[in-house]
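Trainee: Show me the folded form of this:
(chains A and B)
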Amino acid sequence: MTNYLPALTVGAALSAAACSAAENPAPAAKLTAAPAGTSTTVPAAAGVPHYVQAPAGSTLTFSFIQAGAENQGVFKQFATELNYDEKNLAAGSLKVAVQTGSFDTQDKDRNDTLAGADLLDPKKYPTAQFVATSLTRGAKGIEAAGKLTLHGVTKDLKLPLDIRTTATGAEISGETTIKRLDYGVGTGDWKSTEWVGDEVKLQYKVALTRTAK
Amino acid sequence: MTFRNTTRSWGTLSKALHWIIVLLIINQWVIAQWAESSTGFAKLKTLGYHKSFGMTILMLAIIRLAWRWMNPVPDLSAETKPWERTLAKISHVLLYGLIFAMPLTGWLMSSAKTYSVSWFNLFAFPNLVGKSDRVYDLTHDLHHLLFAVLVTVAAVHIAGALKHQFIDKNDVLKRMLPFGGVK
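Mentor: Below is the predicted model:
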């Protein structure tokens, strides 16, 4: 019990601060030991709330057309970091790192094929990464305009983000479509899009916990 | 030759369905041999065609069965012995059953392996069951077993037709031949 008490106290303090200060992120800034002289009214970039992916509750699904029918797979291991202040989107950022070898498409034959050198090749490219150094408000809500590095190829990508925050965390969800051949996923026979479509739909729902940086 | 069946001969549609399905089944066997010996992309492609032709057979089987119910079935010749009639009846029922059961077990095994079935990549058929190794193994074995049954029953069917033609010397085979006919 003694082990949990400090955590509870901090949690309670955070909740109370969040309630009383409404959407002013200043209390969080205080916790991260703001440098002397920093105003408490206008949050500096350093005061933007920081979130990291919670241990459970997140999904990253990819869907594609195989032989005329939709197929789905998931990435089981990925890590997300978000800096997000609704009132200061420019200071926000998003970073997602996906362990490409952690995918599963529900079938061993397909998994083995997809892991081959002609397709995702996780042995050579073990990580895919998306980095956006600011957030913007687009026509359909918040967007993270950044760069996706997949299979050794880096391209601009805009991720639409539906962000919901609570006192202790946040949830991001959304979907986008990329073209696998843009990233060189599909060489040899697999370059053909007749049997496996070029478009890959990514759907994400990420549970995040608010933390100090 | 008429479009509909008569009590003496098969009509154009019945003949067309019979022979198109025969050719498709032979084609299915050839593609299956090819698929079994391939891997990766080639396997995806060959099985894609196998499934598409299989679903074509299923759709034709539905039309064929409906057409049979809507039409008279030509009688066997008068001198056909009771045991021959019984054997013909059993093999016809089995053959009709198999042109449904082969595609259905194929569709089931594809569904259970999450390799959904489409018709020549134009549209997809829904999965009949969710991912299941057990259902896949069972339906895969059944698909192969039923093919062996199909070959056996087809051999009886062909033997019967040849007996009618060359031993009994009646019109039973002729009335099903594409350009043959019995008035």
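Trainee: OK, contacts around the residue in chain A that chain B sits nearest to?
Mentor: For chain A and chain B, the shortest gap (C-beta to the nearest C-beta) falls at residue A:68, measuring 2.8 Å. In this view, the C-beta of every residue, glycine as well, is placed from N, C-alpha and C. Counting by C-beta atoms under 8 Å, 6 or more residues apart in numbering or on different chains, residue A:68 touches B:48, B:116, B:118-124.
Trainee: The same query, at a cut-off of 10 Å, please.
Mentor: A:194-195, A:197, B:48, B:51-52, B:116-125 (C-beta atoms under 10 Å, 6 or more residues apart in numbering or on different chains).
Trainee: Put the buried members of those into a PyMOL selection.
Mentor: Filtering these down to the buried ones (16 or more other C-beta atoms under 10 Å in any protein chain shown) takes a single PyMOL command:
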select buried, (chain A and resi 195+197) or (chain B and resi 48+51+52+116+117+118+119+121+124+125)
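Trainee: Filter the contacts of residue A:68 down to the ones in helices?
Mentor: If you go by DSSP state H, those have B:48, B:51-52 in helices.
Trainee: What mean pLDDT does the longest strand along chain A get?
Mentor: Using DSSP state E to define each element, chain A has its longest strand at strand A:196-211. Across strand A:196-211, pLDDT averages out at 97.
Trainee: Let me see the ranges of the helices in the chain.
Mentor: If you meant another chain, say so; for now it's chain A. Using DSSP H, the helices of chain A run over residues A:4-20, A:26-31, A:108-114.
Trainee: Chain B is the one I meant
Mentor: Using DSSP H, the helices of chain B run over residues B:12-36, B:40-70, B:82-112, B:133-166.
Trainee: can you put these in a markdown table and add distance to chain A?
Mentor: Converted to a markdown table, the helices of chain B look like this (distance: least, C-beta to the nearest C-beta, whole Å):
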| stretch | distance to chain A |
| --- | --- |
| helix B:12-36 | 12 |
| helix B:40-70 | 4 |
| helix B:82-112 | 9 |
| helix B:133-166 | 9 |
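Trainee: Mean pLDDT for the ones you listed - can I get that in JSON lines?
Mentor: Output for the helices of chain B, formatted as JSON lines (pLDDT from 0 to 100):
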{"stretch": "helix B:12-36", "mean pLDDT": "96"}
{"stretch": "helix B:40-70", "mean pLDDT": "96"}
{"stretch": "helix B:82-112", "mean pLDDT": "96"}
{"stretch": "helix B:133-166", "mean pLDDT": "96"}
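Trainee: could you redo those as a markdown table and give each row distance to residue A:55?
Mentor: Shown next, in a markdown table, are the helices of chain B (distance: least, C-beta to C-beta, whole Å):
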| stretch | distance to residue A:55 |
| --- | --- |
| helix B:12-36 | 43 |
| helix B:40-70 | 37 |
| helix B:82-112 | 32 |
| helix B:133-166 | 29 |
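Trainee: Ok, which of those helices comes nearest residue A:57?
Mentor: Nearest to residue A:57, of all those, is helix B:133-166, at 27.7 Å by C-beta to C-beta.
Trainee: Leaving aside the residues adjacent along the chain, what's closest to the closest residue to chain A within chain B?
Mentor: Nearest residue of chain B to chain A: residue B:118, at 2.8 Å (C-beta to the nearest C-beta). Excluding its sequence neighbours, the residue lying closest to residue B:118 (C-beta to C-beta, 6 or more residues apart in numbering or on different chains) is residue A:68, at 2.8 Å.
Trainee: next one: residue A:102
Mentor: Nearest non-adjacent residue to residue A:102, counting by C-beta to C-beta, 6+ apart: residue A:77, 3.8 Å away.
Trainee: dump the residue contacts of that neighbour.
Mentor: For residue A:77, the contacting residues are A:60, A:97-103, by C-beta under 10 Å, 6+ apart.
Trainee: okay, it: pLDDT?
Mentor: 97.
Trainee: ditto for residue B:172
Mentor: At residue B:172, pLDDT is 86.
Trainee: Help me confirm that it comes into contact with residue B:85.
Mentor: No: Residue B:172 is beyond contact range of residue B:85, at 11.6 Å (criterion: C-beta atoms under 10 Å).
Trainee: Of these two, which one has the most company?
Mentor: Higher neighbour count among residue B:172 and residue B:85: residue B:172, with 19 against 11, using other C-beta atoms under 10 Å in any protein chain shown.
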